[in-house]
Each structure stands twice: as C-alpha cells, then as structure tokens.
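# after the sequence you'll find the predicted model.
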Amino acid sequence: MAQMRKYYWPLWVGLVCAVVANNAYAMTAPEADKVIQHGLPEQSDALAKTTQALFQEFVKTKNVTSLIFYSYGMLRQANHFSAVNDFIHASEYAKTGFFYLDEAVDSHEENPRIRYLRVRIDAYLPAVIGRCVVTLDDTDRLLKEKNLFDNDIVEHIEYMRYRALVNCNHPQQAELLMEKIKTQTSVAAKYLNPNFHTEPEWDMNEVSQVVIPLLKGE
C-alpha cells in the first residue's frame, strides 16, 4: 500500500494542479510547486541547489510559500551537517531556517494557512530542537479557527498538537488528546505510524486547502 501511495502521489497532485491551471499559480512559484509534487531532494548537493532556488524565487515573486520551503530546505541542510558532526554549519543553517520560518508567520499574522505550514514543519522536528512550544501555540490558534478547514485538516492539526505535547513533556494532556484521536479512524490510518518521527506525505486536503491558495497569493 505504501508503494502504491508513493506511485500515485505525483498523479494526485497533478490532477489538483490541472483543476486550477487557469490561475497559472505554478508559473509564479515553480520551485515551490516542485517541492509539493516531489519533496525536497535527499542528496545534499541537490538539496542545497533547490533551497537556493527557492530563496531566489521568493526574492523575485514575494510568494511566502517559496520562503517557507526555503526555510525547510535550510533546516534539512542543518540536519545533514549535524549528521556529519559539522555542528557550526548545522547551527548556522538551523538559525537561518527558523528565522525565515518565523518571519513568514510574523509578517502574515492573520493568515492561518501560513501558520499551518509552520506547524507542518515544526511538528515533525526532533524534540531536542525545542520547537514544541511554538507548535502548541500555533495549533491552539488554528483549532480556534478550525471552521476555516475541513475535518481532515483539523484532525491533522490535532495529531500535530499531540506530538508537541509529547515532545514538551505533557504526558497527561497528550494521553487525553490521543484518546480523542483514536476515535477518528481516518487519523488513525494516516498518522499513527509506529515510527513516531516519520513525517507523512502531503495529502490532497493539504494541497488543495493550504498550499494551492498560498501559491495563488491568497
């Protein structure tokens, strides 16, 4: 089943892109569009190239989606440097990534989609980085505006909040939230991976409700 999901994912994204093709959103932020369709590269040189292209795209277009994925690329590069014990570069790249990620949200304070993207990045980072506090605040704000999203997005927000509660060492609150999550079979199927640190693929609800509107400048 996992192989089937991986095989059909580009097709699903392509279908959504076709639906809104008349808006030509992909032409305004093609590098960000590539990240949604294919993810960030795993190989370090390709990752660095893509990350730089995302920043150049943001400078040119001012599309905040490009800035957020640039931030994510910087954080992924920080992880690469950390893995080879180059902690100086790891720290520099992580600081830059978090600075621009937070800048994107702070400069669009009232846009819940941008806040959702920060949660989507922070929630799956290692606990030692300490971003669980930011995630708890972001998910609290998003759940207060949950009428803006459909149930699938709200359920994912709840699961990311659960992860933050675990990482921030709030076991009782985490357990209570998990009991609620377990009653939602769609969440159990999609997010309750036995590997706690596995980041799920972007699903169609995230693409259509969060990413595409941002790529279109909404």
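Done, it's in.

# what's downstream of the helix or strand harbouring residue 105, the next helix or strand?
Secondary structure assigned from DSSP states H and E places residue 105 in helix 87-106. Moving toward the C-terminus from helix 87-106, the next helix or strand (DSSP H and E) is helix 112-122.

# so which elements touch that next one?
Contact analysis of helix 112-122 by 3 or more Cβ pairs under 8 Å, 6 or more residues apart in numbering; DSSP states H and E lists helix 64-83, helix 87-106, helix 132-144, helix 151-167, helix 212-215 as its packing neighbours. All C-beta atoms are positioned from the backbone trio N, CA, C, and that covers glycine.

# what about the shortest one, average pLDDT?
Right, helix 212-215. Here helix 212-215 scores 84 as its mean pLDDT.

# ok, now stretch 95-103?
96.

# heads up, I number from 42, so please use that
With 42 as the first residue, the last one maps to stretch 136-144.

# give me the buried positions along it.
The neighbour-count check on stretch 136-144 (16 or more other Cβ atoms under 10 Å) flags 137-139, 141-142 as buried.

# any chance of these in CSV, plus distance to residue 97?
Formatted as CSV, those follow (distance: Cβ to Cβ, whole Å):
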residue, distance to residue 97
137, 15
138, 16
139, 20
141, 13
142, 18
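
# contacts for the helix holding residue 146?
Applying Cβ atoms under 8 Å, 6 or more residues apart in numbering, the contact partners of helix 128-147 are 105, 108-109, 111-116, 118-120, 122-123, 155-156, 158-159, 162-163, 170, 172, 175, 179.

# are any of those residues buried, and if so which?
Among the contacts of helix 128-147, those classed as buried by 16+ other Cβ under 10 Å are 105, 108-109, 111-116, 118-120, 122-123, 155-156, 158-159, 162-163, 172, 175, 179.

# point out where this protein drops to low pLDDT.
Counting by pLDDT under 70, the chain shows low-confidence ranges at 42-68, 226-239.

# for stretch 75-92, measure first residue to last.
When the termini of stretch 75-92 are compared using Cα to Cα, to the nearest Å, they are 12 Å apart.

# for residue 160, see how far away residue 221 is.
18 Å (Cβ to Cβ, to the nearest Å).

# meant to ask about residue 70, not that
20 Å.

# point me to the residue sitting closest to the centre of the protein.
residue 161 (3.2 Å; Cα atoms, centre = their mean).

# mind listing what that residue touches?
By Cβ under 8 Å, 6+ apart, residue 161 lies in contact with 201, 247.

# confirm for me that residue 153 is in contact with residue 188.
No. Contact criterion Cβ atoms under 8 Å: residue 153 and residue 188 do not qualify, at 10.4 Å.

# have a look at these two and say which one is more surrounded.
residue 153 (20 against 7; other Cβ atoms under 10 Å).

# how about the more buried one: what's its closest non-neighbour residue?
Using Cβ to Cβ, 6 or more residues apart in numbering and skipping residues adjacent in sequence, the residue nearest residue 153 is residue 186, 5.3 Å away.
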